[in-house]
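Undergrad: have a look at this prediction, sequence included:
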Amino acid sequence: MKTLLLRSLCIAGALGFAASAGSAKPIQEKRPVDEDVLVTVKNINGTVTIEGWNEKQLEVTGTLSGDIEDVEISGSSSRMTIEVQFPRHTRHSSGEADLDIKVPVGAGVRVEVVNCPISIRSCAATSNSKP
C-alpha cells in the first residue's frame, strides 16, 4: 500500500511539474517614445525580433516560459531599456523569453544577448552577442 501511494505521489508531482514548465506567460506592453529613441534590449535565452514601424510607440509582445520572472521596461521617451529578469541567486535557471519588439523606424537599437537568435528589420541597430 505504501509503495502504491508513493508511486501515485511521484506521478502526481511529475505531472504538476510538467504542467507548470509548459505554461507560458504572455507579454503585451506599449510605451510612448520619440521617433529617434535609443532602445537597449537585454536577453539571456530565447529569441529577439525587432521591427521598425511608423508609430511613435515602443511595443513589446511575446512569451516568457520556465522560471523567468518578468520583462522590465524602463527609461524615458528618448532612451528605453527592455531587460529580461531571470531569478537572482540561482546558478541553473531555465526558461526563455521570446520577444517581438516594434520601434519607430528612426530608432536606434542595441541588442545584448547570450543565447538568442536576433532578427532586425527596418531600423538602425547594433548587436553585442556574447558567445
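TA: Now that the structure is in, tell me what you want to look at.
Undergrad: when you work out contacts or count neighbours from here on, use the C-alpha atoms and nothing else.
TA: Fine.
Undergrad: for the residue most central in space within the chain, which residues make a bridge with it?
TA: Within the chain, the residue whose C-alpha comes closest to the C-alpha centroid is residue 97; the distance, by CA atoms, centre = their mean, is 3.2 Å. Residue 97 has these beta-bridge partners by DSSP bridges: residue 46, residue 64.
Undergrad: what residues does it make contact with?
TA: 43, 45, 46, 47, 62, 63, 64, 65, 68, 84 (CA atoms under 8 Å, 6 or more residues apart in numbering).
Undergrad: mind telling me what element the residue lying closest to the last one once chain neighbours are set aside is part of?
TA: The shortest distance from residue 84 to any residue other than its chain neighbours is 4.5 Å, reached at residue 71 (CA to CA, 6 or more residues apart in numbering). When elements are assigned from DSSP states H and E, residue 71 belongs to strand 70-75.
Undergrad: so what secondary structure elements neighbour that strand?
TA: strand 79-85 (3 or more CA pairs under 8 Å, 6 or more residues apart in numbering; DSSP states H and E).
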